[in-house]
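A.B. asks: Next come a sequence and a model predicted from it.
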Amino acid sequence: MAMAGDGRNIGVAVDFSSCSKNSLRWAAANLAAAGDRLILIHVKTSYQYEHGVAHLWEHDGSPLIPLVELSDPRVGNIYGVAPDRETMEVLARAAAQRGVHVFAKVLWGDPARKLTEAVHKVPLQCLVVGNRGLSTVKMVLMGSVSTYVVNHAACPVTVVRENMPPSALTTTY
């Protein structure tokens, strides 16, 4: 997808939590530039074949879903993804004010592994992930997606902490 002279493919891991929304706001405000493609990478851990078409794309993920289609509830039902209003507003502002092309890609499986695979499959020039700030004990017991991605992704990875001050998450374009 990336060709000489084109903008970058900037991946942002999203699960529509407050943490991932902070990451999205940070990427849109501080990283994305005109001509870049801001690609939301959403990993679903469960397969619900009866409600969607995950079985068609379970290996490589969904095709890239343009912003205009992402806001359509019918498309959301097909891929099992439903971005909230706040996320859609951030994406619409990035597209309108920054000249960024917005897409989403849905993957199915283990989030840590699928995010690192997306670097090659999309391909991505950089990836932004959130970090919920788990305690050491919780991180040892549950693992950390951001830690895994930082250690295994073959591109630069930016980790945006959930408790970053609002001034660091400015959405002024």
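C.D. replies: Yep, that arrived. All values reported here derive from a predicted model rather than from experimental measurement.
A.B. asks: List the buried residues in stretch 114-124.
C.D. replies: Buried residues in stretch 114-124, defined by neighbour count with 16 or more other CB atoms under 10 Å: 114-119, 122, 124. Heads up, the C-betas are built off the backbone N, CA and C, glycines and all.
A.B. asks: For the chain, name the helix or strand with the lowest mean pLDDT.
C.D. replies: One helix or strand of the chain scores below all others by mean pLDDT, DSSP states H and E: helix 136-142, with a mean of 44.
A.B. asks: gap between whichever helix or strand comes after that helix and the chain center?
C.D. replies: Remark: after helix 136-142, the chain's next helix or strand is helix 145-152, criterion DSSP states H and E. Here the centre of helix 145-152 is set off from its chain's centre by 14 Å, with CA atoms, centre = their mean, to the nearest Å.
A.B. asks: Tell me the helices and strands packed up against helix 145-152.
C.D. replies: On a contact count with 3 or more CB pairs under 8 Å, 6 or more residues apart in numbering; DSSP states H and E, helix 145-152 meets helix 111-121, strand 126-131, strand 157-161.
A.B. asks: Could you list the residues in contact with the first one?
C.D. replies: I take that to be helix 111-121. Around helix 111-121, the neighbours that count as contacts under CB atoms under 8 Å, 6 or more residues apart in numbering are 11, 13, 15, 41, 43, 45, 60-61, 105, 107-108, 124, 127, 129, 143, 145, 148-149, 152-155.
A.B. asks: Could you identify the buried members of the residues you listed?
C.D. replies: Neighbour-count burial (16+ other CB under 10 Å) is assigned, among the contacts of helix 111-121, to 11, 13, 15, 41, 43, 61, 105, 107-108, 124, 127, 129, 145, 148-149, 153, 155.
A.B. asks: Which residue ranges of this structure form helices?
C.D. replies: 18-30, 54-57, 67-70, 73-79, 85-98, 111-121, 136-142, 145-152 (DSSP state H).
A.B. asks: what is the rounded mean pLDDT of the last one?
C.D. replies: Averaged across helix 145-152, pLDDT comes to 90.
A.B. asks: how far off strand 126-131 does that helix point, in degrees?
C.D. replies: Inter-element angle recorded for helix 145-152 and strand 126-131: 150 degrees (by axes from the mean of the first three to the mean of the last three CA atoms, to 10 degrees).
A.B. asks: Show me where the protein dips below the pLDDT cut-off.
C.D. replies: 1-5, 47-56, 132-143, 163-173 (pLDDT under 70).
A.B. asks: mind redoing it with 50?
C.D. replies: 1-5, 50, 135, 137-142, 166, 169-173 (pLDDT under 50).
A.B. asks: Out of the helices of the chain, flag the one nearest G7.
C.D. replies: helix 85-98 (10.6 Å; CB to CB).
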